[in-house]
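*Asks:* give me a 3D structure for the following:
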Amino acid sequence: MVRGLVNLPHVAPPHPPPPTPSGECSLLDKTDFLHLDIELSAFRLALIQLQVSSIKSDNLTRACGLIREAATQGAKIVSLPECFNSPYGTKYFPEYAEKIPGESTQKLSEVAKECGIYLIGGSIPEEDAGKLYNTCAVFGPDGTLLVKYRKLHLFDIDVPGKITFQESKTLSPGDSFSTFDTPYCRVGLGICYDLRFAELAQIYAQRGCQLLVYPGAFNMTTGPAHWELLQRGRAVDNQVYVATASPARDDQASYVAWGHSTIVSPWGDVLAEAGTEETVLCSDIDLKKLAEIRQQIPIFSQKRSDLYAVEAKKP
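*Replies:* Here you go, the predicted model:
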């Protein structure tokens, strides 16, 4: 079951803002949050809830096919799920790991250019200098690699009798934030477990992001308990749109993903939610609505910066 599927007319964007060399951007003045892109009405976002198999080539072929399908539906920003080219599990990461650029990211670059879209490449196991990372690569409409984000918070948990997982057995954490600009809005990136860390979302909001995208694979324990709750919390706390792209559920897999890819509004409304099957989930992102919410409830100008602050440490 897919709820809240939106099919509104496409709205042409204005000229894009000037890009920054690294994909990062400086902090904005508090008043800027009330005036960001008010002239825009909507752009379409699509999430690919992919059925991931053990055959990498099949995963890549199906992912590219679903990306093309999303583009035909008018999507201008498309996201794949976490670990879209590989089964999720510490034993799989070394086997499926690639360099970036590499086989998987080359396919993503080509299909992004073919479709003329911004493509958030979910994540893949990345090998670099003898270390493995859980990495998201983002490509522009011309196929250019815009940013690369490595998962900051590794999924090391132990819920007795339900689930134990330790990403740090094979993966190393990233050490930097990643945002990128589009003609529609600025986008901030996280991966799965990063969703639990409110500070990351706050920093992205401070940097002018209006959409946060988290490719993720919550499981059958944490999914029903916290998946939607965390997304709605991040959205309301920061007055941003939040989107999560999950793999489809495979009950025979060693790690069973919850599914339910979701798009949440800055008001905390669930605009669209997938079921458990492979699908393309679309919703239009209304930036006028975001600006109205920020004006009506001006939390950014009301923060007690004389008493507290959430700040990113300089490298």
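*Asks:* does the closest residue to residue 131 other than its chain neighbours count as helix, strand or coil?
*Replies:* Beyond its immediate neighbours in the sequence, the residue positioned closest to residue 131 (Cβ to Cβ, 6 or more residues apart in numbering) is residue 172, lying 4.5 Å away. All C-beta atoms are positioned from the backbone trio N, CA, C, and that covers glycine. Counting by DSSP: H, G, I helix; E, B strand; the rest coil, the backbone at residue 172 sits in coil.
*Asks:* what about the helices in this protein?
*Replies:* The residue ranges that make up the helices of the chain, judged by DSSP state H, are 56-72, 93-96, 103-115, 198-206, 222-238, 287-296, 299-302.
*Asks:* got a markdown table for the ones you listed, with distance to residue 310, mean pLDDT and mean neighbour count too?
*Replies:* A markdown table is the format used below for these (distance: least, Cβ to Cβ, whole Å; pLDDT from 0 to 100; neighbours: other Cβ atoms under 10 Å):
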| stretch | distance to residue 310 | mean pLDDT | mean neighbour count |
| --- | --- | --- | --- |
| helix 56-72 | 34 | 98 | 18 |
| helix 93-96 | 31 | 96 | 16 |
| helix 103-115 | 32 | 98 | 20 |
| helix 198-206 | 5 | 97 | 19 |
| helix 222-238 | 11 | 97 | 19 |
| helix 287-296 | 18 | 96 | 17 |
| helix 299-302 | 12 | 95 | 13 |
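*Asks:* the ones you listed: which one's closest to residue 83?
*Replies:* For residue 83, the closest of the helices of the chain is helix 93-96, at 8.4 Å, according to Cβ to Cβ.
*Asks:* packing partners for that closest one?
*Replies:* strand 124-128, strand 131-139 (3 or more Cβ pairs under 8 Å, 6 or more residues apart in numbering; DSSP states H and E).
*Asks:* the last one pairs with which strands, and in what direction?
*Replies:* If I follow you right, that is strand 131-139. Strand 131-139 has the following strand partners under DSSP bridges: strand 118-120 (antiparallel), strand 124-128 (antiparallel), strand 145-150 (antiparallel).
*Asks:* low-scoring stretches of this protein, by residue?
*Replies:* 1-41, 315 (pLDDT under 70).
*Asks:* try it again with 90
*Replies:* Scanning the chain with the threshold set as pLDDT under 90 gives 1-41, 155-158, 160-166, 168, 313-315.
*Asks:* so what's the most centrally placed residue in the chain bridging to?
*Replies:* Relative to the mean C-alpha position of the chain, the nearest C-alpha, by Cα atoms, centre = their mean, is the one of residue 213, at 2.4 Å. Counting by DSSP bridges, residue 213 forms beta bridges with residue 189, residue 243.
*Asks:* ok, residue 253 touching residue 87?
*Replies:* Yes - using Cβ atoms under 8 Å as the test, residue 253 is close enough to residue 87 to be in contact (6.3 Å).
*Asks:* the more surrounded of those two?
*Replies:* Taking neighbours as other Cβ atoms under 10 Å, residue 253 and residue 87 compare with residue 87 leading, 21 against 15.
*Asks:* check contacts around that one.
*Replies:* When contacts are counted by Cβ atoms under 8 Å, 6 or more residues apart in numbering, residue 87 is found next to 52-54, 96, 253-255.
*Asks:* okay if I get those residues as a markdown table plus distance to residue 197?
*Replies:* Conversion of the contacts of residue 87 to a markdown table gives the following (distance: Cβ to Cβ, whole Å):
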| residue | distance to residue 197 |
| --- | --- |
| 52 | 25 |
| 53 | 31 |
| 54 | 31 |
| 96 | 26 |
| 253 | 26 |
| 254 | 26 |
| 255 | 21 |
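*Asks:* buried set for stretch 157-165?
*Replies:* Of the residues in stretch 157-165, 157, 165 count as buried by neighbour count, 16 or more other Cβ atoms under 10 Å.
*Asks:* ends of it, how far apart?
*Replies:* End-to-end span of stretch 157-165 (Cα to Cα, to the nearest Å): 6 Å.
*Asks:* same question, stretch 249-260
*Replies:* First residue to last in stretch 249-260 (Cα to Cα) measures 9 Å.
*Asks:* just how off-centre is that stretch within its chain?
*Replies:* 19 Å (Cα atoms, centre = their mean, to the nearest Å).
*Asks:* buried residues in it, which are they?
*Replies:* Neighbour count says stretch 249-260 has 249-250, 255-260 buried, by 16+ other Cβ under 10 Å.
*Asks:* perfect, I'm done here.
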